[in-house]
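# how would this look folded up:
(2 chains, ligands or ions: 2)
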There are 2 protein chains.
Amino acid sequence: MASSSAASSSRALRIGIIGFGPFAQFLAKTMAKQGHRLSATSRTDYSQRSAEMGVTFFRDVGEFIEAGGNEVIMICTSIMSLSEVLKSIPFHRLGRPTLFVDVLSVKEYPRSSLLQVVPEDSDILCTHPMFGPQSGKYGWEDLKFMYERVRVRDHETCSSFLQIFQKEGCRMLEMSCKSHDKLAAQSQFIAHMIGRILAEMGIESTSIDTKGFESLLQLKKNTENDSFDMFSGLFVHNRFARQEMENLGSALEKVREGLVQRMLEEQEKKPIQENDENTN
Amino acid sequence: MASSSAASSSRALRIGIIGFGPFAQFLAKTMAKQGHRLSATSRTDYSQRSAEMGVTFFRDVGEFIEAGGNEVIMICTSIMSLSEVLKSIPFHRLGRPTLFVDVLSVKEYPRSSLLQVVPEDSDILCTHPMFGPQSGKYGWEDLKFMYERVRVRDHETCSSFLQIFQKEGCRMLEMSCKSHDKLAAQSQFIAHMIGRILAEMGIESTSIDTKGFESLLQLKKNTENDSFDMFSGLFVHNRFARQEMENLGSALEKVREGLVQRMLEEQEKKPIQENDENTN
Ligand SMILES: NC(=O)c1ccc[n+]([C@@H]2O[C@H](COP(=O)([O-])OP(=O)(O)OC[C@H]3O[C@@H](n4cnc5c(N)ncnc54)[C@H](OP(=O)(O)O)[C@@H]3O)[C@@H](O)[C@H]2O)c1
Ligand SMILES: NC(=O)c1ccc[n+]([C@@H]2O[C@H](COP(=O)([O-])OP(=O)(O)OC[C@H]3O[C@@H](n4cnc5c(N)ncnc54)[C@H](OP(=O)(O)O)[C@@H]3O)[C@@H](O)[C@H]2O)c1
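Ligands and ions are numbered 1, 2, ... in the order given. Prediction:
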């Protein structure tokens, strides 16, 4: 059975993290709790934060690559900085074949980027944990974890890594990076768009909020907690997002037209009259 | 204390309902449960439905007015049909001073309409229960009930009516119809707009829905359960809605521009390269 064979391949891993921002720290907490040995490197100095979490921090990415001895290197940088970050990695200093994993919220882009730069003897796993510090605050049970085994020869290391999420109760979804991006443009990107639009409008709680409006306030708040870099990435590096953005614009236009049409019909019915609600 | 004086004025009322659609039936269920005596009239014949609920149904609005002997007449028609419905009521056949209550989701419009047609010796209470058959399915505890005592001399009948909602645990919010419409345009109307836009886009659940997107699917579903008449009414008869619609349009435009700008910056950085994610 899948679960027993998967369980048998679960073991403590040496995992190195590149980009130790909010999402990486969120993942690292659970990984550390599960007993994996973690190291990290980042643009910003997170020595203090890392020490508190039991993570070995390297200020220098070269040292991180050479000294870390990592079986897995997990890339957690922002979508917008991926190409810059990949350029900075001295892959030739890797001491061993390594599983490269990324957790970016778009998938075709890191997939093709990693295929270009990761040494031939190293493996590639592209993933998207469909949750974050807010939605995964109280555990990962039933939250979705998408992945594609892009280039995997060391199956044991790869399934040990996937086990991290399986153990926490995630719903494991194996699918192509392309399918992911298509679906994510229709769902996650739209949710972020709406959240950003509401933030741009400056919506605020009123004394008469309905349940529907309360859910929008929550969406706005969660969206604002994510960086603008992440939001931009969802658009700039997902080729399906442009179409969805256009759909959103046309739908707004259509709904608006429907309402204006209805208003004109009403105005025709009763010429002037009753338009003086203003005088109350 | 407010609660004890309010409680002392609570008693069974004879309540007549004009417009026995989904929302009226939803309210009637709780009113009947509390022991009030209900009658109704509507464009559609709801004799069967009414009998099942213990509500006396009149096909003819004149008979309803004359024979009902109602202390309270509650207007539950759609916003868009209010003026037509009010015209059809033979107010001169009322046997007694009556408290006219409306529950429309906009408030300045019924306020001014009722002030024009309700006989001078009858009272007017404008209300908006800020919930419906979906959000109030499991009770009204903590749900909001907005009202303005527009013209009240018979305080005892009015507070007996308000008690219906108080008893169920509603949060009672006394405010002017004008304040209501201003706030509702910024909250409820925006939520309905977003729900309608998402419906127009035809958003659907995907295998990788995030929590944020799930809340939008729910909003879309709830919005679609309300009639287009109600949605149109929120726009056509709330003078503050037009501005909010414009704000929504401009916010979408601004967010879009921000993203397109970011995309152009990226394209300038790396001329052609890597734009071939399509070929995976
Ligand atoms: N937040 C979520 O809910 C979530 C969920 C699933 C996947 N993800 C993905 O996880 C990744 C990290 O997300 P996040 O929430 O932590 O925020 P983010 O803003 O998307 O990324 C922050 C990370 O990117 C690094 N970074 C940004 N610009 C850089 C640059 N010019 N050079 C080098 N590094 C740079 C930051 O490094 P420093 O901190 O050192 O400055 C930090 O580690 C993103 O790809 C995101 O799409 C996020
Ligand atoms: N649904 C909610 O969650 C909610 C919450 C708070 C307030 N409200 C307000 O409650 C009222 C009723 O809402 P609703 O949800 O039941 O749906 P609605 O579509 O807004 O109104 C349906 C009612 O309007 C009547 N009606 C429509 N057109 C008419 C016409 N041309 N002539 C005569 N009657 C007409 C219908 O009569 P027939 O059924 O006899 O055809 C029915 O009683 C609305 O003003 C709405 O704004 C609704």
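# And what about the residue nearest in space to the middle of chain A, helix, strand or coil?
With the centre of chain A defined as its mean C-alpha position, the nearest residue by C-alpha atoms, centre = their mean is A:S105, 3.4 Å away. Look at A:S105: counting by DSSP: H, G, I helix; E, B strand; the rest coil, its state is coil.
# Hmm, it is touching A:M80, no?
No. Taking C-beta atoms under 8 Å as the definition, A:S105 is not a contact partner of A:M80, at 11.2 Å. Every C-beta, even on glycine, is put in place using the N, C-alpha and C of the backbone.
# Report the set of residues contacting both of those two.
A:G233 (C-beta atoms under 8 Å, 6 or more residues apart in numbering or on different chains).
# and the residue of the stretch 101-250 of chain A found nearest ligand 2, how many residues sit next to it?
The stretch 101-250 of chain A approaches ligand 2 most closely through A:T210 (8.6 Å), counting by C-beta to the nearest ligand atom. Look at A:T210: counted by other C-beta atoms under 10 Å in any protein chain shown, it has 22 neighbours.
# following the helix or strand of chain A at the bottom of the mean pLDDT ranking, which helix or strand comes up?
When the helices and strands of chain A are scored by mean pLDDT, DSSP states H and E, helix A:2-8 comes last with a mean of 42. Along the chain past helix A:2-8, the next helix or strand (assigned with DSSP states H and E) turns out to be strand A:14-18.
# Packing partners of that following strand?
If contacts are counted by 3 or more C-beta pairs under 8 Å, 6 or more residues apart in numbering or on different chains; DSSP states H and E, strand A:14-18 sits against helix A:22-33, strand A:37-41, helix A:61-68, strand A:72-75.
# tell me which residues in that strand are buried?
Judged by neighbour count (16 or more other C-beta atoms under 10 Å in any protein chain shown), strand A:14-18 contains these buried residues: A:15-18.
# and that strand, which strands flank it?
strand A:37-41 (parallel), strand A:72-75 (parallel) (DSSP bridges).
# Report the mean per-residue pLDDT for the shortest one.
What strand A:72-75 shows for mean pLDDT is 98.
# same deal with the first one?
Regarding strand A:37-41, the rounded mean pLDDT is 98.
# is that strand anywhere near ligand 1?
No. Strand A:37-41 stays clear of ligand 1 (C-beta under 6 Å from any ligand atom), getting no nearer than 8.7 Å.
# so how far is that strand from its chain's centroid?
Here the centre of strand A:37-41 is set off from its chain's centre by 20 Å, with C-alpha atoms, centre = their mean, to the nearest Å.
# now that strand against helix A:22-33, angle please.
For strand A:37-41 and helix A:22-33, the angle between their directions (axes from the mean of the first three to the mean of the last three C-alpha atoms, to 10 degrees) works out to 160 degrees.
# Name the surrounding residues that touch strand A:37-41.
With contacts defined as C-beta under 8 Å, 6+ apart, strand A:37-41 is touched by A:12-18, A:20, A:24, A:28, A:31-32, A:46, A:50, A:53-61, A:64, A:68, A:70.
# Just the CA coordinates for the strand or helix carrying A:E84, please, in PDB.
Secondary structure assignment for A:E84, by DSSP H and E: helix A:82-87. Extracted in PDB, the C-alpha atoms of helix A:82-87 (Å, rounded to 0.1, in the frame of the first residue of the first chain):
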ATOM      1  CA  LEU A  82      14.500  33.700  -8.600                       C
ATOM      2  CA  SER A  83      16.600  34.300 -11.600                       C
ATOM      3  CA  GLU A  84      19.000  36.600  -9.700                       C
ATOM      4  CA  VAL A  85      19.200  34.100  -6.800                       C
ATOM      5  CA  LEU A  86      19.900  31.100  -9.100                       C
ATOM      6  CA  LYS A  87      22.700  33.100 -10.800                       C
END
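# elements contacting that helix?
Counting contacts by 3+ C-beta pairs under 8 Å, 6+ apart, helix A:82-87 is packed against strand A:72-75, helix A:108-117.
# Just name the most buried of those.
strand A:72-75 (a mean of 24; mean count of other C-beta atoms under 10 Å in any protein chain shown).
# chain center to that strand, what's the gap?
Its chain's C-alpha centre and that of strand A:72-75 lie 15 Å apart, by C-alpha atoms, centre = their mean.
# distance of the residue in the stretch 51-200 of chain A positioned nearest to ligand 1 from A:I18?
Across the stretch 51-200 of chain A, the shortest distance to ligand 1 (C-beta to the nearest ligand atom) belongs to A:G132, at 2.0 Å. Distance from A:G132 to A:I18, counting by C-beta to C-beta, to the nearest Å: 18 Å.
# What of A:E84?
12 Å.
# now do A:E224
To A:I18, A:E224 is 26 Å away according to C-beta to C-beta.
# Give me the domain ranges for chain A.
A:7-175, A:180-266 (automatic domain parsing).
# could you redo the ones you listed as JSON lines and give each row distance to B:L248?
Formatted as JSON lines, the domains of chain A follow (distance: least, C-beta to C-beta, whole Å):
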{"stretch": "domain A:7-175", "distance to B:L248": "25"}
{"stretch": "domain A:180-266", "distance to B:L248": "6"}
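# Among those domains, which comes closest to B:H36?
The closest of these to B:H36 is domain A:180-266. By C-beta to C-beta, the value is 25.3 Å.
# And the helices in chain A, which stretches?
A:2-8, A:22-33, A:47-53, A:61-68, A:82-87, A:108-117, A:155-167, A:177-186, A:188-201, A:211-225, A:228-236, A:241-269 (DSSP state H).
# how about the second one, does it reach ligand 1?
Yes. Using C-beta under 6 Å from any ligand atom, helix A:22-33 comes into contact with ligand 1 via A:22-24.
# got a list of contacts for stretch A:61-75?
Residues outside stretch A:61-75 that contact it (C-beta under 8 Å, 6+ apart): A:13-19, A:24, A:27, A:39-41, A:56, A:58, A:82, A:85-86, A:88-91, A:93-96, A:98-104, A:110, A:114, A:157, A:161.
# The residue nearest to A:I190 when sequence neighbours are not counted: neighbouring residues, count only.
Once flanking residues are discounted, A:I190 sits nearest to A:E244: 6.0 Å by C-beta to C-beta, 6 or more residues apart in numbering or on different chains. Using other C-beta under 10 Å, A:E244 is surrounded by 21 other residues.
# can I assume A:E244 is in contact with A:A184?
No. With contact defined as C-beta under 8 Å, A:E244 does not reach A:A184; the gap is 9.6 Å.
# What residues does chain A have near ligand 1?
Remark: the part of chain A in contact with ligand 1 comprises A:19-24, A:42-44, A:76-79, A:81, A:84-85, A:103-105, A:129, A:132, A:226-227, A:229-230, A:233, using C-beta under 6 Å from any ligand atom.
# Tell me the buried residues within the residues you listed.
A:19-21, A:23-24, A:42-43, A:76-79, A:85, A:103-105, A:129, A:132, A:226, A:230, A:233.
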